[in-house]
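Student: just coords:
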């Protein structure tokens with residue numbers, strides 16, 4: 001395998017929450033990185049997030065990720081692809097046109113473009129989601145443990161008329177399945193792997209400047225500050241954003257582990273998040289609801305997530321929930337202080 005300095009990694013959706021941490025880690029390890037953005041206006045924000053790496057970082061404008069030809073310039077000299085861009089809409093007016101079709105087309109088009117325009121591409125790593133694994137119809141399923149063998153079983157017809165969050169989860173499943181099916185049909189000269197995290201929490205790559213424009217997962221956690229009770233669990237799993245980035249880069253660097261599907265994540269519920277946060281930042285006690293400490297870890301309440309495969313394959317070490325919560329809220333509190 002060539003040294004990092006001789007490789008160029010394409011990261012789609014360069015301004016995304018996870019993409020920012022992936023790019024940061026790649027740059028620190030000496031890789032050249034090309035990030036895709038939708039317009040010129042997005043480039044400055046991405047550059048600002050990665051100061052000091054101007055010589056390693058370049059950008060390609062891909063206004064529509066469902067159009068294969070839009071990627072032509074992006075793949076020049078690229079040796080690997082991290083596909084993180086995907087539609088994230090929880091209240092679509094039309095499930096099919098806003099979520100289902102673009103999610104599938106986004107993955108397939110990127111694969112087609114890699115095959116057509118990326119002769120040097122050796123690995124394609126999709127940031128999928130635990131949403132493509134979870135069976136929402138089973139609820140908390142307290143005696144079950146999800147692993148990579150599971151698939152979200154929703155049908156396309158059901159997804160077209162489902163509520164927004166259910167349709168989003170379906171879009172992730174259809175997109176990932178489309179990727180595996182495309183690989184089986186076309187058998188290109190590169191490997192395909194998928195990483196499936198649940199909720200992704202942790203610090204942003206840049207300081208938070210606007211508390212009204214948080215990414216979806218950070219917003220979910222920040223609402224604890226204004227809440228009067230502990231929210232019900234939704235995704236009963238989380239991954240630290242830095243762990244998700246580390247999994248991507250480690251997978252790129254370990255060819256023998258490629259071509260597989262990986263869950264990256266551990267158990268999560270809001271009660272346990274609050275319990276751990278107060279231990280790490282006791283100054284927040286009184287600002288967040290107390291709930292029933294310890295209740296989130298009771299057996300037989302929530303399904304469990306088996307995130308051991310990626311640990312065994314890549315040696316990934318999971319960041320404890322308390323550390324993730326602490327580092328997330330430190331940024332949020334700094335932003336509050338600046339706003340005040």
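Tutor: Great, that's in hand. Note that the structure is predicted; figures quoted are calculated from it, not measured.
Student: hey, let's count contacts and neighbours off CA atoms from now on
Tutor: Fine.
Student: burial count for residue 254?
Tutor: Residue 254 has 12 neighbours, counted by other Cα atoms under 10 Å.
Student: what about residue 74, neighbour count?
Tutor: For residue 74, using other Cα under 10 Å, the count is 24.
Student: what of residue 223?
Tutor: Other residues within reach of residue 223, judged by other Cα under 10 Å, total 13.
Student: so which strand or helix has it?
Tutor: Following DSSP states H and E, one finds residue 223 within helix 216-226.
Student: what do you get for residue 36?
Tutor: Going by DSSP H and E, residue 36 is part of strand 32-37.
Student: strands along the chain, start to end?
Tutor: Assigned by DSSP state E, the chain shows strands spanning 8-12, 32-37, 57-61, 80-83, 123-127, 145-146, 191-196, 199-201, 237-240, 261-263, 266-267, 304-305.
Student: report the strands that pair with the strand holding residue 36, each with its relative direction.
Tutor: Strand 32-37 has the following sheet partners, assigned by DSSP bridges: strand 8-12 (parallel), strand 57-61 (parallel).
Student: any idea how many residues pack against the closest residue to residue 46 other than its chain neighbours?
Tutor: Of all residues not flanking residue 46 in the chain, residue 15 sits nearest, at 5.8 Å (Cα to Cα, 6 or more residues apart in numbering). When neighbours are counted by other Cα under 10 Å, residue 15 registers 23.
Student: just residue 134 next, same as before
Tutor: Counted with other Cα under 10 Å, the neighbours of residue 134 add up to 25.
Student: quick one, what contacts the residue nearest to it when sequence neighbours are not counted?
Tutor: In space, and not counting its chain neighbours, residue 134 is closest to residue 152: 5.1 Å by Cα to Cα, 6+ apart. Counting by Cα atoms under 8 Å, 6 or more residues apart in numbering, residue 152 touches 131, 132, 133, 134, 135, 136, 169, 170, 173.
Student: of those, which is the most crowded?
Tutor: Most neighbours among the contacts of residue 152, by other Cα under 10 Å: residue 170, with 31 neighbours.
Student: correct me, but residue 274 touches residue 290?
Tutor: Yes. Applying Cα atoms under 8 Å as the test, residue 274 and residue 290 come out as touching, 7.3 Å apart.
Student: between the two, which has more neighbouring residues?
Tutor: Counted by other Cα under 10 Å, residue 274 and residue 290 do not tie: residue 274 has more neighbours, with 27 against 15.
Student: pLDDT at that one, what is it?
Tutor: pLDDT recorded at residue 274 is 96.
Student: tell me the contacts of it?
Tutor: 288, 289, 290.
Student: what's the distance between the last one and residue 15?
Tutor: According to Cα to Cα, to the nearest Å, residue 290 and residue 15 sit 35 Å apart.
Student: before we move on, what about the second one?
Tutor: With distances defined as Cα to Cα, the gap from residue 289 to residue 15 amounts to 33 Å.
Student: next one: residue 250
Tutor: Counting by Cα to Cα, the gap from residue 250 to residue 15 is 21 Å.
Student: before we move on, what about residue 156?
Tutor: Relative to residue 15, residue 156 is positioned 30 Å away (Cα to Cα).
Student: do the same with residue 249
Tutor: From residue 249 over to residue 15 the distance is 18 Å, taken as Cα to Cα.
Student: select the helix or strand of the protein having the lowest average pLDDT value.
Tutor: helix 41-49 (a mean of 85; mean pLDDT, DSSP states H and E).
Student: pull the contacting residues for residue 105.
Tutor: With contact set as Cα under 8 Å, 6+ apart, residue 105 has these partners: 65, 66, 175.
Student: of the residues you listed, which belong to helices?
Tutor: residue 175 (DSSP state H).
Student: highest neighbour count among the contacts of residue 105?
Tutor: Neighbour max across the contacts of residue 105 (other Cα under 10 Å) = residue 65, 26 neighbours.
Student: ok, now which ones touch the residue nearest to it when sequence neighbours are not counted?
Tutor: Excluding the flanking residues, the one nearest residue 65 by Cα to Cα, 6+ apart is residue 106, at 5.4 Å. Going by Cα under 8 Å, 6+ apart, residue 106 touches 65, 66, 67, 85, 86, 175.
Student: would you turn these into JSON lines with distance to residue 194?
Tutor: Output for those, formatted as JSON lines (distance: Cα to Cα, whole Å):
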{"residue": "65", "distance to residue 194": "18"}
{"residue": "66", "distance to residue 194": "19"}
{"residue": "67", "distance to residue 194": "21"}
{"residue": "85", "distance to residue 194": "13"}
{"residue": "86", "distance to residue 194": "14"}
{"residue": "175", "distance to residue 194": "11"}
